[in-house]
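S.K.: Have a look; sequence and predicted model below, questions after that.
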Amino acid sequence: MTYDPPRPAGRLLLTPEDKEAPVRARRLRRLGLGERAEPALDAFADRLAGRTRAPYAMVNFPGEHGQFFAGLHRPSRDVLDVDAPAPVAAGVPAGPGDAAGGEGIRRELGRRLARDHGFCPHVLARGKALVLEDVRDYPRFAGNAVVDEFGIRSYLGAPLLDSAGMVLGTVCVVDVEPRPWGREGLDTIKAAADELSRRLRRREAVDGPDGPLPG
């Protein structure tokens, strides 16, 4: 089983190697995480989006076959799949993420995302927060597929840790505009990740993987 795409000759490896992926996948299954959307995690993402004034916020549990947003805030909740079509108003020029040829199909962020898409894999590999105020300022990140496919321009993410210190996933927000996150943004995303990590550990200790997420 492989978790990372092959590295093309002469090209920068945009997605870091995730050596913990097999162990993480087993751990997530034992915890009952990353296989279904959870209303409590959606509510957590809603609050995080409000605090950061970001259009998208996610609780991301990467699995064996890609990333899964068990908690998700987005402008349009009726789009359930990353490849689902969404109408584009007549007469409006195609923008970032619109299909080539102006056919009126726009890709929208959904619950699932390929492992080589986005910036959460870098947080997993680093084990610490990542702040990108404008992803186009960094060659390593500017070439990521989400920049062109979804119009993502800025990212703020931090790791979720279990009781043993393993990185289970991430909490993140993204925007379609550059954002001067600054120290306030870093402190906010780290505090959110710490809060949710504690809640997940309490659920495991008290109620098990099927129990409610403590407030």
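M.R.: Structure received. Numbering: from 1, shown residues only.
S.K.: CA atoms for contacts and neighbours, from now on please.
M.R.: OK.
S.K.: Can you list the residue ranges for strands in this structure?
M.R.: Listed in chain order, the strands of the chain (DSSP state E) span 56-60, 67-73, 112-113, 130-132, 154-161, 167-175.
S.K.: Nearest approach to residue 25 belongs to which of these?
M.R.: strand 167-175 (8.6 Å; Cα to Cα).
S.K.: what angle do the closest one and strand 154-161 make?
M.R.: Interaxial angle, strand 167-175 versus strand 154-161 (axes from the mean of the first three to the mean of the last three Cα atoms, to 10 degrees): 160 degrees.
S.K.: sorry, back to before: as a markdown table, the strands of the chain with mean pLDDT would be great.
M.R.: A markdown table is the format used below for the strands of the chain (pLDDT from 0 to 100):
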| stretch | mean pLDDT |
| --- | --- |
| strand 56-60 | 96 |
| strand 67-73 | 94 |
| strand 112-113 | 90 |
| strand 130-132 | 97 |
| strand 154-161 | 97 |
| strand 167-175 | 96 |
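S.K.: mind putting those in JSON lines, distance to residue 25 included?
M.R.: Conversion of these to JSON lines gives the following (distance: least, Cα to Cα, whole Å):
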{"stretch": "strand 56-60", "distance to residue 25": "13"}
{"stretch": "strand 67-73", "distance to residue 25": "11"}
{"stretch": "strand 112-113", "distance to residue 25": "15"}
{"stretch": "strand 130-132", "distance to residue 25": "22"}
{"stretch": "strand 154-161", "distance to residue 25": "14"}
{"stretch": "strand 167-175", "distance to residue 25": "9"}
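S.K.: Any chance of those in TSV with mean neighbour count and distance to residue 199 as columns?
M.R.: Putting these into TSV (neighbours: other Cα atoms under 10 Å; distance: least, Cα to Cα, whole Å) gives the following:
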stretch	mean neighbour count	distance to residue 199
strand 56-60	27	13
strand 67-73	25	14
strand 112-113	20	23
strand 130-132	21	22
strand 154-161	27	11
strand 167-175	26	13
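S.K.: Between those, which one is closest to residue 18.
M.R.: Distance to residue 18, taken as Cα to Cα, is lowest for strand 167-175 among those, at 11.0 Å.
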